[in-house]
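>>> quick one, structure for this:
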Amino acid sequence: MDEPAIDVLIIGSGPAGLTLACDLARRGVGCRIVERAERPSTASRAKTIQPRALEVADDLGVVERVLKDGAVNIPTRHYDRDRVISEAVEVAGGTPTPDAPHPPIWLSQPKFEQILRDRLTELGGTIDQGTTVAGLRQDADGVTATAETAAGRCVIRARYAVGADGGRSIVREQAGITLNGTSHPDQRWHLGDVRIDGLSRHCQHLWTSPEHGILSLFPLPGTDLWQFQASVPADEAEPEAPSLELFRRIFATRAGVPGVRIQDAEWLSLYKINVALADHYRAGRIFLAGDAAHIHSPAGGQGMNTGVQDAYNLGWKLAAVLDGADPALLDTYELERRPVAEAVLGDSTARLYRMMRAVGDGAGASMQRGLTDDFTTGLNIAYPDSPLSAGPGAGGRAPDAPCRDAATGRPVRLFDLQRGPHWTLLSFGTTTADQLPSGLRVFRVTTDPAATDPDTVIDTDGHAHRAYDTHGGELVLIRPDGYIAARRPAHDLLAVLALATAHGLR
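Take a look at the predicted model:
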């Protein structure tokens, strides 16, 4: 068999595939991303970027673009027909703190994907649009993909392949991985991206009733579009095919606000909710990420975010193994990420049914309470039982904190120190070492205001020590994806370095 021409083939250019491609590209890994669609999708299937996914965006160098294009705290205006009942902002679980600086951001999936595509271009990557993978086979050395393009059939040879090609994943099918799940025939929705005259864009407009269910019109930031969401009544056996005229009738029936008109549509869809999880995330040299591995209810806004975090977890591990680390490191991808998806599936389904019960009980004005909380932010995701988590306090997310650079006096955040493809070692005390691996950056965190040493930050307000619950004399080893691998006394530096080397540090 021919030697693989590239390291990683990524099939699918949605948020998960693009996140993985950006992460691998900045690590110098040779990757190729292919997409069966001729052009990028413009459909706003998702519109919420949660705080943990924003931390991923920060590390990849795109968070400022997301914050610039997105919006925070869009109010919801609730109606009874044309009468406004209430207007409020739902911010549960999303208030910024020193250790978690990002609130949830409203930004449509196409806009987020464009930001990631631009970043990939900056990193030297490209996307092969109009390329459909028709077959995959693997051997001891790599994966061979047969693809169809406008120019004809081609063969792509890679060391690993990652299927980020959605709920109807060809990669999953070719790898022989089973998707197990449940269809929810009582949960059907008409969705679309439409243009509307006569409504204020400062808020979401929401109508609920026991008879009709939910109608939501959400202004998509950075565009002139609205996301149209209308639940199909449970007693409607065969929903009408989506059309502009249907959407206009739904608005007239459920809302009827004078002077409002749906002008045109960019995308129309009938969405049927399915909840499913792949029985495995890996088959040899083939991996799954995003919707190819898990399909969620949209309640809580977690699906796209979970896929982004899948890719972020997998990227550094693929890069480490390609650089000579033990291939067993790749087994931790499924061990860590599949339980997260399982929890998200259960949570988002429960949220959806709580919301619909509230509407059916006539409590529509309160239905959004509980749709977001600390769980949906993704900040509480942890891997305490992972083989990569060594001892008490390991496995959790590494928090942020505002500090001051000891050498320059400039403000600096702990996330600034972690940004990049390296491992990070925070020393809450004094640490010396003659020789350190090139893939590790060590920083001292001190409360001494007179410190001027390089690679030292001053915890001026004590936020770093509180966030890490330490009084000093401790080492905190942080993985490339921002999770704590180990906490050890300051004198255990050699043991910490040995641990990191065993887990892929070079």
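>>> domain-wise, how is this structure divided?
As given by automatic domain parsing, the domain ranges for the chain are 6-72+98-181+275-366, 184-273, 402-502.
>>> can you redo the ones you listed as TSV with mean neighbour count, mean pLDDT and distance to Asp82?
In this view, the C-beta of every residue, glycine as well, is placed from N, C-alpha and C. Conversion of those to TSV gives the following (neighbours: other Cβ atoms under 10 Å; pLDDT from 0 to 100; distance: least, Cβ to Cβ, whole Å):
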stretch	mean neighbour count	mean pLDDT	distance to Asp82
domain 6-72+98-181+275-366	21	94	15
domain 184-273	17	94	5
domain 402-502	17	94	46
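>>> okay, these in TSV with distance to Thr377 next?
Formatted as TSV, these follow (distance: least, Cβ to Cβ, whole Å):
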stretch	distance to Thr377
domain 6-72+98-181+275-366	4
domain 184-273	19
domain 402-502	14
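>>> out of those, which gets nearest to Pro387?
domain 6-72+98-181+275-366 (5.9 Å; Cβ to Cβ).
>>> roughly how far is the closest one from the heart of the chain?
8 Å (Cα atoms, centre = their mean, to the nearest Å).
>>> using the three-state scheme, assign the residue lying farthest from the centre of the chain.
The centre of the chain is farthest from one residue, Ala450, which by Cα atoms, centre = their mean lies 40.2 Å away. Secondary structure for Ala450, judged by DSSP: H, G, I helix; E, B strand; the rest coil, is coil.
>>> and whichever strand or helix holds Tyr160, what does it pack onto?
In the assignment (DSSP states H and E), Tyr160 maps to strand 152-163. Helices and strands touching strand 152-163, by 3 or more Cβ pairs under 8 Å, 6 or more residues apart in numbering; DSSP states H and E, are strand 6-11, strand 31-35, strand 143-149, helix 170-175, strand 286-288, helix 303-322.
>>> test my guess that Phe287 contacts Val162.
Yes: here Phe287 lies in contact with Val162, judged by Cβ atoms under 8 Å, at a distance of 4.7 Å.
>>> find the residues that touch each one of the two.
Shared contacts of Phe287 and Val162 (Cβ atoms under 8 Å, 6 or more residues apart in numbering): Leu314.
>>> next up, the contacts around Pro51.
Per Cβ under 8 Å, 6+ apart, neighbours of Pro51: Gly94, Ala100, His102, Pro103, Pro104, Thr377, Gly378, Leu379.
>>> from memory the third one sits against Glu64, does it?
No: contact between His102 and Glu64 fails when scored by Cβ under 8 Å: they sit 11.3 Å apart.
>>> now do the helices in the stretch 51-200 of the chain.
Secondary structure of the stretch 51-200 of the chain (DSSP state H, counting those that start in this stretch): helices located at 51-60, 63-69, 109-122, 170-175.
>>> ok, now the stretch 251-400 of the chain?
Under DSSP H, counting those that start in this stretch, the stretch 251-400 of the chain gives helices at 303-322, 331-360.
>>> now those helices as TSV including distance to Ala278?
Shown next, in TSV, are the helices of the stretch 251-400 of the chain (distance: least, Cβ to Cβ, whole Å):
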stretch	distance to Ala278
helix 303-322	11
helix 331-360	8
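>>> nearest to Gly14, of those helices?
Closest among those, once you apply Cβ to Cβ, is helix 303-322, at 7.2 Å.
>>> which helices and strands sit right next to that closest one?
Looks like helix 303-322 contacts strand 6-11, helix 15-26, strand 48-49, helix 51-60, strand 152-163, strand 294-295, helix 331-360 (3+ Cβ pairs under 8 Å, 6+ apart).
>>> in JSON lines, list the ones you listed along with distance to Arg81.
Shown next, in JSON lines, are the helices and strands packed on helix 303-322 (distance: least, Cβ to Cβ, whole Å):
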{"stretch": "strand 6-11", "distance to Arg81": "47"}
{"stretch": "helix 15-26", "distance to Arg81": "37"}
{"stretch": "strand 48-49", "distance to Arg81": "28"}
{"stretch": "helix 51-60", "distance to Arg81": "36"}
{"stretch": "strand 152-163", "distance to Arg81": "46"}
{"stretch": "strand 294-295", "distance to Arg81": "35"}
{"stretch": "helix 331-360", "distance to Arg81": "15"}
